[in-house]
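J.: sequence first, predicted coordinates after that:
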Protein chains: 2
Amino acid sequence: MRQSRGHRNLTWNITHDLGVSIVAGEYSSGAAFPTEAELCLKFGASRSVLREAVKMLTAKGLLSARPRQGTRIESEDNWNLLDPDVLGWLLERKFSLALIREFTETRRAFEPQAAYLATQRATDVEKEGIRQALARMKAAEHGDDDPLQSDIAFHVAILKASGNRFFKQLEDLIDSALRCSIRLTNQFKGVRLASIADHGAVLEAIEAGDPDAAQVRMTKMLDEALELITEAENGNNQRLAARQAAAN
Amino acid sequence: MRQSRGHRNLTWNITHDLGVSIVAGEYSSGAAFPTEAELCLKFGASRSVLREAVKMLTAKGLLSARPRQGTRIESEDNWNLLDPDVLGWLLERKFSLALIREFTETRRAFEPQAAYLATQRATDVEKEGIRQALARMKAAEHGDDDPLQSDIAFHVAILKASGNRFFKQLEDLIDSALRCSIRLTNQFKGVRLASIADHGAVLEAIEAGDPDAAQVRMTKMLDEALELITEAENGNNQRLAARQAAAN
DNA sequence: ATAGCATATTTATCATATAATTAAGAAGGC
DNA sequence: GCCTTCTTAATTATATGATAAATATGCTAT
């Protein structure tokens, strides 16, 4: 989805490598980032390339540089978490239930209102997009489509139909996060994707022109997701406790 | 707030200039962006600088470049609207009620839930921050503080207290957008900042540990803001209609 | 017409030199 | 001793020129 942008040149590869390393905490925040020359050596590339990579990471809030002082990792507060690349890098290497929970809380804020707005503003084409996504989910039940892909498609279709540019920005983020959450689904038996019935109810409300119902239905779905994440977090804690008990 | 990052060097200035021009539509989307050499000439700077500026804009989704094909403006869908710089550039030159409305819809999604979460998670320090912001608003009523700044401080304090990293990302965006909306307040007499009573009610709910009330109160406040924006949009439309009528 | 080839244009990468910035230490005055 | 000022050195910032890689475009041969 996003690879259209980074046209896979050396600069972008190094940007990606450094970005992943930084969000994974390989360079302790606040200090100790390699100098230009050191980076050139490390990656075997020219200064132009390294400088451009550093500039891209600066643009995303991960780094800042000043003469004589060197290049520094910005405090995590300044990382542009809502940048699809940054979130993708985080999920790639620093996957954590806490991050997924926070992101799902974000979805719980956005998506119900997107559904609300979609009820009022969706064009026929956009509504058809939602219908098709639901159809894909149904097909996936019988193995004729991918369950995760079709689920993503449904939520993205709602965002698209919201007629709000900021909501549409979340498409890439949802894509990254859900694609990654599949690990969660595999890891914890209790966690499953929301049911087709729940998704269908949202579409019904939109078709019926009932914004409040659409909002409520979507909220319900995300509350369920949050519940499952909480369960998984508790499961993790129990496992940790068990491990500690075993160690004693 | 954000100037900590861009340390005001030539590269950043040119990035800013180009960014503003792009979002203002000076280069028609899809084609006709100057070549490296042309940009050097235009800005009287070296290729290094221009290349780094273009990379930063690429990182924010405004541009994409390929050999032989040249550098292109990305479709607006791909602009990282949730990047504080990009939103700032848009508001700086392309201020529109539609954008403010869409952003306020976004706030209506985020802030009520931030208030909800803050009720459960805010630390004492964070709660104190909210109290102080409200105190500043009260002081502003008597001319002892800035009304806009204190209003911004209040909303940012709630986001900070949400304990959710994604919500905290909105701080810079709110700051940019509200700082800009003051034009709206000046332009349309009907539009005013939400009352201290409304803000106080949110704080009360948080202090009382009532998340639902906090959420409802915050929603109410943003609904009022949306109403005022709608009024302003209607006013604009009427003015347009009047102008057209006068032209006939 | 179609496939393959040549060419020219643009960005991508490399290399090197110089300037600007500023932290840290040295020197000097009180 | 302590403060101020100057010097120095380290690092990024900027400039320039050269070469490589990618690829639209048009040409050629069949």
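T.: All right, it came through fine. Computed from a prediction, not measured in an experiment: that's the story for all the values here.
J.: is it true that A:Asp144 lies in a helix?
T.: No: assigned with DSSP: H, G, I helix; E, B strand; the rest coil, A:Asp144 falls outside any helix and is coil.
J.: can you name the residue of chain A nearest DNA strand C?
T.: In chain A, no residue comes nearer to DNA strand C than A:Leu10, which is 2.7 Å away by CB to the nearest atom of the strand. Where C-beta positions appear, they are placed from N, C-alpha and C, glycine not excepted.
J.: secondary structure element for the nearest residue to that residue once chain neighbours are set aside?
T.: The shortest distance from A:Leu10 to any non-neighbouring residue, by CB to CB, 6 or more residues apart in numbering or on different chains, is to A:Val49 (5.5 Å). In this structure, A:Val49 sits in helix A:47-59 according to DSSP states H and E.
J.: before we move on, back to that, how near is the residue of chain A closest to DNA strand C to A:Cys40?
T.: For A:Leu10, the distance to A:Cys40 equals 12 Å [CB to CB, to the nearest Å].
J.: around the residue of chain A closest to DNA strand C, count how many other residues there are.
T.: 16 (other CB atoms under 10 Å in any protein chain shown).
J.: check the one 10 residues further on too.
T.: For A:Val20, the neighbour count with other CB under 10 Å is 17.
J.: in three-state terms, how would it be classified?
T.: Assigned by three-state DSSP, the conformation of A:Val20 is helix.
J.: could you tell me which residues make contact with the closest residue to it other than its chain neighbours?
T.: Counting by CB to CB, 6+ apart, A:Val20 lies nearest to A:Trp89, which is 4.7 Å off, once chain neighbours are set aside. Residues near A:Trp89 by CB atoms under 8 Å, 6 or more residues apart in numbering or on different chains: A:16, A:19-20, A:22-24.
J.: and for A:Arg165?
T.: A:Arg165 neighbours (CB under 8 Å, 6+ apart): B:76, B:81, B:99, B:102.
J.: apply 6 Å and report the result again.
T.: B:81, B:102 (CB atoms under 6 Å, 6 or more residues apart in numbering or on different chains).
J.: any idea how far A:Lys60 is from it?
T.: From A:Arg165 to A:Lys60 the distance is 20 Å (CB to CB).
J.: could you check the pLDDT of A:Asp146?
T.: On pLDDT, A:Asp146 comes in at 88.
J.: got the phi/psi numbers for it?
T.: For A:Asp146, the backbone dihedrals are phi -90, psi 130 (criterion: degrees, to the nearest 10).
J.: what's the local residue count around it?
T.: Quick note: A:Asp146 (other CB under 10 Å) scores 14 neighbours.
J.: may I see the buried residues of the helix or strand hosting A:Met221?
T.: If you go by DSSP H and E, A:Met221 is part of helix A:211-247. Buried residues in helix A:211-247, counting neighbours by 16 or more other CB atoms under 10 Å in any protein chain shown, are found at A:211, A:213-219, A:221-222, A:225-226, A:228-229, A:232-233, A:235.
J.: contacts for stretch A:50-69, please.
T.: Outside stretch A:50-69, the residues that touch it by CB under 6 Å, 6+ apart are A:11, A:14-15, A:19, A:22, A:36, A:39-40, A:71-72, A:74, A:78-80, A:83, A:86, B:5, B:7, B:52, B:55-56, B:59-60.
J.: what ranges do the helices span in chain A?
T.: A:10-23, A:36-43, A:47-59, A:84-93, A:97-121, A:124-141, A:147-160, A:165-187, A:196-207, A:211-247 (DSSP state H).
J.: up against DNA strand C, what does chain A have?
T.: A:7, A:9-11, A:44-49, A:52, A:66-69 (CB under 7 Å from any atom of the strand).
J.: which of those residues lies closest to A:Leu159?
T.: Nearest to A:Leu159 out of the residues of chain A next to DNA strand C is A:His7 (CB to CB; 26.0 Å).
J.: could I get the contacting residues of that closest one?
T.: Counting by CB under 6 Å, 6+ apart, A:His7 touches B:Arg66.
J.: could you check the pLDDT of it?
T.: For A:His7, pLDDT reads 71.
J.: now do A:Thr230
T.: Predicted confidence (pLDDT) for A:Thr230: 88.
J.: what sits closest to the residue nearest the centre of chain A if chain neighbours are left out?
T.: By CA atoms, centre = their mean, the mean C-alpha position of chain A lies nearest to A:Ala177, the distance being 3.0 Å. Once flanking residues are discounted, A:Ala177 sits nearest to A:Phe103: 5.1 Å by CB to CB, 6+ apart.
J.: hmm, A:Leu178 and that neighbour touching each other?
T.: No: at 9.5 Å, A:Phe103 and A:Leu178 do not qualify as touching, with contact defined as CB atoms under 6 Å.
J.: for those two, indicate the residue with more neighbours.
T.: Shown here are A:Phe103 and A:Leu178; by other CB under 10 Å, A:Phe103 has more neighbours (26 against 22).
J.: grab the nearest non-local neighbour of A:Ser46.
T.: That would be A:Cys40: by CB to CB, 6+ apart, it lies 6.7 Å from A:Ser46.
J.: re the thing from before, would you write a ChimeraX line that selects the buried entries of the contacts of stretch A:50-69?
T.: To isolate the buried ones among the contacts of stretch A:50-69 in ChimeraX, judged by 16+ other CB under 10 Å, type:
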select /A:11,14,15,19,22,39,40,71,72,74,78,79,80,83,86 /B:5,52,55,56,59,60
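J.: near DNA strand D too, which of the contacts of stretch A:50-69?
T.: Near DNA strand D, by the rule CB under 7 Å from any atom of the strand, you find A:36, A:71, B:7, B:52 out of those.
J.: by pLDDT, give me the weakest of those residues.
T.: Of all these, B:His7 has the smallest pLDDT value, namely 72.
J.: gap between that one and A:Gly44?
T.: Distance of B:His7 to A:Gly44, given as CB to CB: 28 Å.
J.: got it, and A:Arg8?
T.: Counting by CB to CB - A:Arg8 and A:Gly44 are separated by 18 Å.
J.: could you do A:Phe167 as well?
T.: Remark: distance between A:Phe167 and A:Gly44 (CB to CB) = 42 Å.
J.: higher neighbour count, these two?
T.: The residue with more neighbours, out of A:Phe167 and A:Gly44, is A:Phe167; 24 against 9, by other CB under 10 Å.
J.: contact partners for that one?
T.: A:Phe167 touches A:114, A:159, counting by CB under 6 Å, 6+ apart.
J.: redo that, cut-off 10 Å
T.: A:110-111, A:113-114, A:117-118, A:158-161, B:81, B:102, B:105-106, B:109 (CB atoms under 10 Å, 6 or more residues apart in numbering or on different chains).
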